[in-house]
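Trainee: have a look at this prediction, sequence included:
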Amino acid sequence: MTDRPRVSLKRILTMSLFALLLTVATDREAHAVLGGFETADGYSTPFPKDVWSYDAGQTGANFAPAQYNTGRWQELFGSGNAGGDAQYISQHGVGSGGANAAPFALAVRSIAPSTDGSFDMALRYALGVDDLGVSPMSPLQSAKIEFDICRGLTVLSTGGLDTVFNDAPAFSLSMGGTNAAPGLTIGFTDHDPANGNQPRIFHVDGSTYNSQAIPWSGGAFDHIQVDIDFVNQTYDFWWTKDANLATNAFDAGNAPQLIASGASLTSPISILDSLFFRAHTDPSNGQQIAGLEKSFLDNFRVSVVRVPEPTSVVLLLTGAAGLALVVRRNRSDVR
């Protein structure tokens, strides 16, 4: 009888460990890009059309009434005008070539009235598999959201810069949940004339609004990072100042500044299927209101770690059982 070839225990354990690591890496973690708002990201025609007026990120279809609110972007509140006024969230040039020339970013501006006379505006972006690397309905263990931001100022409805600081939100971005009950919210406030016209950065810890002064670059892109812990329902929030004001893009080189650590999510969430972009009305001096002048967002990057699927756990357990059986057989051969 021909002896069966022996497989060393060390080799079995090494191969099993490699298979386990490969399974965990491919099954639980994925990286994808929301976009830099360039043509390659599905934005076919730039400013002045609002992104919700066509299916941005899907087919790059031409602007037409049939495309309004049919794609990834959906207007939840605003003027209802797809373009031609001073209230928009739109692909917009950020270089010397002007609004219609690359490189692009997402411009947020709201100094034209909404349907209720305010400057409020809200859009939802529906995250997809190409953004997350997994289904947006996948339960998650953690997520990291990064983007670059060039903050704007608040201006009066009658023209000119707002002169009263109210520590009120001017722009906010919510992640997960719904528009009425978001998972978490960050943003920046109206600017403070007494602090070099710098807005504060803010976040909502549970139901508590927190803001603090930071030395924004001003006219350049800074960097934001939010780390979400879905297991403990908390998040960390980082801001990094641009290291080179001579370029249009964010330049690394400065140390990140921790804005919040272990902050509680505003509402419990287990998935990351939506981002909510909002411009807010600043009450200004109580007799006039102020809206948000152009602010820019760019280079969204999202990475997630999802909860292992039951099938993956079963496969790992089956593999472990098989490994134990092979080990016992090899030991029997040795006797």
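Mentor: Structure received.
Trainee: ranges for the helices of this structure?
Mentor: 9-28, 129-132, 310-334 (DSSP state H).
Trainee: what is the shortest one packed up against?
Mentor: Yep, that's helix 129-132 we're talking about. Other elements packing on helix 129-132 under the criterion 3 or more Cβ pairs under 8 Å, 6 or more residues apart in numbering; DSSP states H and E are strand 29-35, strand 290-306. C-betas here are computed from N, CA, C, even on glycine.
Trainee: now for A143, how many residues are close by?
Mentor: 23 (other Cβ atoms under 10 Å).
Trainee: wait, doesn't it sit right on V305?
Mentor: Yes: contact criterion Cβ atoms under 8 Å: A143 and V305 qualify, at 7.5 Å.
Trainee: do you know which of the helices and strands packed on helix 129-132 lies nearest F77?
Mentor: Across those, F77 has its closest neighbour in strand 290-306 (13.9 Å, Cβ to Cβ).
Trainee: with only the CA atoms kept, save the closest one in PDB.
Mentor: Presented in PDB, the C-alpha positions along strand 290-306 are these (Å, rounded to 0.1, in the frame of the first residue of the first chain):
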ATOM      1  CA  ALA A 290     -27.900  86.000   6.100                       C
ATOM      2  CA  GLY A 291     -27.100  83.200   3.800                       C
ATOM      3  CA  LEU A 292     -24.100  81.200   2.800                       C
ATOM      4  CA  GLU A 293     -21.600  82.400   0.200                       C
ATOM      5  CA  LYS A 294     -19.700  79.900  -1.900                       C
ATOM      6  CA  SER A 295     -18.100  77.100   0.000                       C
ATOM      7  CA  PHE A 296     -16.500  74.100  -1.700                       C
ATOM      8  CA  LEU A 297     -16.200  70.400  -0.900                       C
ATOM      9  CA  ASP A 298     -13.900  67.900  -2.700                       C
ATOM     10  CA  ASN A 299     -12.300  64.500  -2.800                       C
ATOM     11  CA  PHE A 300     -14.700  62.400  -0.800                       C
ATOM     12  CA  ARG A 301     -13.200  59.100   0.300                       C
ATOM     13  CA  VAL A 302     -15.100  56.400   2.300                       C
ATOM     14  CA  SER A 303     -13.800  53.200   3.700                       C
ATOM     15  CA  VAL A 304     -15.900  50.800   5.800                       C
ATOM     16  CA  VAL A 305     -15.600  47.600   7.800                       C
ATOM     17  CA  ARG A 306     -18.800  45.600   7.600                       C
END
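Trainee: pLDDT on that strand, on average?
Mentor: Throughout strand 290-306, pLDDT has a mean value of 96.
Trainee: strands of the stretch 51-200 of the chain, start to end?
Mentor: 73-77, 87-93, 104-110, 121-126, 140-150, 154-156, 169-177, 182-192, 198-205 (DSSP state E, counting those that start in this stretch).
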